[in-house]
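J.: I would like the atomic coordinates for the input below:
(one chain, ligands or ions: 2)
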Amino acid sequence: GRDDWDYMRNGPDTWVDKFPMAAGSRQSPVNIETDRAESDHESLSTKPLRWKYPAYASRKLVNPGYCWRIDCDGEGTFLSGGPLMDDIYKLEQYHCHWGCSDSRGSEHTVDGQAFAGELHLVHWNTTKYRTFAEAAKAPDGLAVLGVFLKVGKTHEEMEKIARMLPYVSHKDEVVDIVDPIDPSKLLPDDNGYWTYLGSLTTPPCNESVTWVLFKKFIEVSHHQLNIFRNLRKFPRGEECPCHENHGAVINNFRPPLPLGNRQLRECGS
Ligand code: 1SD
Ligand code: ZN
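T.: Ligands and ions are numbered 1, 2, ... in the order given. Down below sits the predicted model:
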């Protein structure tokens with residue numbers, strides 16, 4: 001069925017059996033070969049990438065069984081410029097990918113190196129499409145901002161999320177966010193980025209995403225990542241269906257796929 005995929009037995013190698021789009025030529029993630037990036041000043045820098053996220057945009061924290069996710073009220077949010085040019089995108093949700101240890105967890109890699117995690121802010125094109133679902137099917141429908149997580153000091157804004165995760169420890173649990181969480185505080189303090197055209201990294205792997213990956217990572221603590229690793233893949237009250245890792249949500253990343261003949265562009269340092 002629709003939910004019949006995971007990162008273990010029904011892992012990325014098998015997704016194509018049920019989700020044919022996963023075999024496409026515009027898939028994500030990819031390994032960023034920094035030498036291959038073209039600094040395309042004319043088209044990327046004339047209109048800088050700009051965003052605005054009001055504090056009240058983060059509404060609900062959800063455990064869908066394969067990550068944590070914060071669902072947003074896109075009203076008043078804004079992402080435009082850079083590779084998105086004049087189209088206006090709104091924030092739909094943000095979520096995270098991580099490993100079982102601090103040496104892996106990111107989806108994209110940089111010159112073959114993985115990070116401990118990767119945060120994704122998922123936006124949709126409100127200039128051209130009427131709903132998120134409609135945008136998700138279009139080649140220019142979605143824009144995802146990706147931020148690499150590196151182990152270091154405690155991240156203050158991430159701590160607000162970490163503190164709430166025990167309330168959604170099991171699949172399908174949801175809590176309202178009362179203490180505002182500002183997604184712009186989860187972005188690095190430097191705006192340099194790589195950009196390319198790709199896909200969702202989870203089934204059905206629609207080829208609808210303009211990816212923007214910040215060059216600079218953010219730091220989160222080892223303890224904060226361990227709190228992510230405490231999420232469970234199964235609903236409360238149900239017996240753990242898996243004997244491995246007590247049903248913990250870990251290694252929820254898809255390995256890199258070929259960039260092929262796609263263009264990789266960069267802006268800033
Ligand atoms: O993994 C997410 C998935 O959870 C879902 O949120 C989807 C958007 O509907 O996006 C993918 S991803 O490509 O942003 N990783
Ligand atoms: Zn993601």
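
J.: Grab the nearest non-local neighbour of residue 249.
T.: Leaving aside its sequence neighbours, residue 249 sits nearest to residue 231 (Cβ to Cβ, 6 or more residues apart in numbering; 4.1 Å). Where you see a C-beta, it was placed from the backbone N, CA and C, and this is true even at glycine.

J.: go on, residue 11?
T.: In space, and not counting its chain neighbours, residue 11 is closest to residue 5: 8.0 Å by Cβ to Cβ, 6+ apart.

J.: give me every residue that touches the one you found.
T.: By Cβ atoms under 8 Å, 6 or more residues apart in numbering, residue 5 lies in contact with 11, 14, 15, 18, 19, 202, 203.

J.: which residues are in contact with stretch 145-158?
T.: Stretch 145-158 has contacts (Cβ under 8 Å, 6+ apart) with 51, 79, 96, 98, 102, 105-108, 110, 115-121, 123, 181-182, 185-188, 211-214, 217-225.

J.: helices or strands up against the host helix or strand of residue 213?
T.: According to DSSP states H and E, residue 213 maps onto strand 209-214. If you count contacts as 3 or more Cβ pairs under 8 Å, 6 or more residues apart in numbering; DSSP states H and E, strand 209-214 packs onto strand 142-151, strand 193-198.

J.: okay, the next helix or strand after the longest one in PDB with CA atoms only?
T.: In this case it means strand 142-151. Using DSSP H and E, the helix or strand that directly follows strand 142-151 along the chain is helix 156-164. This file holds the C-alpha atoms of helix 156-164, laid out as PDB (Å, rounded to 0.1, in the frame of the first residue of the first chain):
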ATOM      1  CA  GLU A 156      18.700  27.000  21.200                       C
ATOM      2  CA  GLU A 157      15.800  26.900  18.700                       C
ATOM      3  CA  MET A 158      16.200  23.100  18.100                       C
ATOM      4  CA  GLU A 159      16.100  22.700  21.800                       C
ATOM      5  CA  LYS A 160      12.400  23.900  21.800                       C
ATOM      6  CA  ILE A 161      11.700  21.000  19.300                       C
ATOM      7  CA  ALA A 162      13.800  18.500  21.300                       C
ATOM      8  CA  ARG A 163      11.800  19.400  24.500                       C
ATOM      9  CA  MET A 164       8.500  18.600  22.800                       C
END
